[in-house]
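S.K.: structure of the sequence below:
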Amino acid sequence: MNHWTLLLYIAVMAVTTYLIRMIPFTLFRRQIHSNFVRSLLYYLPYAVLSAMTFPSIFYATGDPITATVGTVVALVLAYCRLPLIVVALAAAAAAWIAGLIV
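M.R.: Below is the predicted model:
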């Protein structure tokens, strides 16, 4: 890869990033009054984050049983509204203990 190709790649990525960030500002200049669109825009980041992370949870430990135990512990503790660090540490500990048992 030569110097000009690298600069071209950086320029294309800069333009792409700029467009992705500027298109919503140009399309939605006025306040959005539709409840459907407002709720869609509110929940969209959570849905995308869940879709990206949830499948990889079951491949993180290499064993579906330990991953399921950790996921169940995390979901129960998150439902109880415990802090994120507590949920993460407890889920990791549960998956590790399940790995020792299984």
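S.K.: do you know how far residue 9 is from residue 22?
M.R.: Remark: distance between residue 9 and residue 22 (Cβ to Cβ, to the nearest Å) = 20 Å. Yep, even glycine has a C-beta here, placed from its N, CA and C like the rest.
S.K.: test my guess that residue 92 contacts residue 70.
M.R.: Yes: at 6.7 Å, residue 92 counts as touching residue 70 under the criterion of Cβ atoms under 8 Å.
S.K.: quick one: which of the two has more around it?
M.R.: More neighbours surround residue 70 than the other of residue 92 and residue 70, with 25 against 15 (other Cβ atoms under 10 Å).
S.K.: which helix runs longest in the chain?
M.R.: Assignment by DSSP state H gives helix 3-27 as the longest helix of the chain.
S.K.: so which bits of it are buried?
M.R.: By neighbour count with 16 or more other Cβ atoms under 10 Å, helix 3-27 contains no buried residues.
S.K.: following element in sequence after it, please.
M.R.: Next helix or strand after helix 3-27 toward the C-terminus (DSSP states H and E): helix 35-57.
S.K.: tell me the mean pLDDT for the helix or strand following that following helix?
M.R.: Sequence-wise, the next helix or strand downstream of helix 35-57 (DSSP H and E) is helix 64-79. For helix 64-79, mean pLDDT is 95.
S.K.: low-confidence ranges, this structure, go.
M.R.: Of all residues in the chain, none has pLDDT under 70.
S.K.: do that again at 90, thanks
M.R.: Low-confidence segments of the chain, defined by pLDDT under 90: 1-4, 19-34, 37-38, 40-42, 44-45, 48-50, 52-62, 102.
S.K.: right, I'll call it a day here.
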